[in-house]
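**Student:** What follows is a protein structure lacking sequence information:
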């Protein structure tokens, strides 16, 4: 007896595998679509976090706004004097000067003053008043002025003086060697200094300096 295959039975047998394969295909498609959405959401979250961090960094980097201060009035300093400017400009220039060696200064020989000539107390020829001793006494009496104070005090006496007769006959070095009173001593010195030139003394035929001495007498009559 020949067994015949039923087409309906074969279709029932194929339905189960086909349904199973369809379920697998649908599950794969759902899984793939779900995975893609999750990745897209994660990328979106990551981008939002990065942008937020960048915004924070930009906020930190920005400098705080400066508060505008009121403008202060400008004070203009007066310009320096023209002379000061000229001095500063001159100091900037370097001036190079060559100094020539100076010759040695000439040696100046200062002659020491010669000592005064010797004064002779006892020359070969004595110095004398022109006309002699008698003329000297007349000249003194004619030129002496008795001090009024000495007359009131009745002062009188003899004043001794020394002096030097130069080779020219002039009178120098008048000194009072014996005093009476201040007024009489002063008047005696004045008279001797006013005497005319004497005849100078001589030693070996040459005029020399000679020391002489005379008294001047003051008496009240």
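**Tutor:** Structure's in. What do you need? Since this is a predicted model, take the numbers as computed values, not measurements.

**Student:** Quick check: residue 110 vs residue 180, distance?
**Tutor:** To residue 180, residue 110 is 46 Å away according to CB to CB, to the nearest Å. Backbone N, C-alpha and C define where each C-beta goes, glycine included.

**Student:** Mind checking which of those two has more residues around it?
**Tutor:** Neighbour comparison, residue 110 and residue 180: the larger count goes to residue 180, with 19 against 5 (by other CB atoms under 10 Å).

**Student:** so who does the more buried one touch?
**Tutor:** 155-159, 218 (CB atoms under 8 Å, 6 or more residues apart in numbering).

**Student:** Could you grab the helix/strand/coil label for it?
**Tutor:** Recorded secondary structure, residue 180: coil (DSSP: H, G, I helix; E, B strand; the rest coil).

**Student:** In the chain, what residue spans correspond to helices?
**Tutor:** For the chain, the helices defined by DSSP state H occupy 7-61, 82-92, 133-143, 148-153, 182-193.

**Student:** Which of those comes out lowest on mean pLDDT?
**Tutor:** If you rank the helices of the chain by mean pLDDT, helix 82-92 sits at the bottom with a mean of 50.

**Student:** circling back to that earlier point, which one of the contacts of residue 180 has the most neighbours?
**Tutor:** For the contacts of residue 180, the largest number of neighbours (other CB under 10 Å) sits with residue 159, at 23 neighbours.

**Student:** Quick check: nearest residue in space to that one, chain neighbours excluded?
**Tutor:** residue 188 (4.0 Å; CB to CB, 6 or more residues apart in numbering).

**Student:** what pLDDT, on average, does stretch 197-210 get?
**Tutor:** 96.

**Student:** buried stuff in it?
**Tutor:** Buried residues in stretch 197-210, counted by 16 or more other CB atoms under 10 Å: 198-202, 207-210.

**Student:** Output the residues you listed as CSV; include the columns distance to residue 23.
**Tutor:** Shown next, in CSV, are these (distance: CB to CB, whole Å):
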residue, distance to residue 23
198, 178
199, 181
200, 176
201, 178
202, 180
207, 175
208, 174
209, 170
210, 176
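
**Student:** Between these, which sits nearest residue 121?
**Tutor:** Comparing those against residue 121 with CB to CB places residue 210 closest, at 7.9 Å.

**Student:** contacting residues for the closest residue to the closest one other than its chain neighbours?
**Tutor:** Distances taken as CB to CB, 6+ apart place residue 201 nearest to residue 210, at 3.4 Å, with adjacent residues excluded. Residue 201 sits next to 120, 123-127, 165, 207-208, 210 when contact means CB under 8 Å, 6+ apart.

**Student:** and if we set it to 7 Å?
**Tutor:** 120, 123, 125-127, 165, 208, 210 (CB atoms under 7 Å, 6 or more residues apart in numbering).
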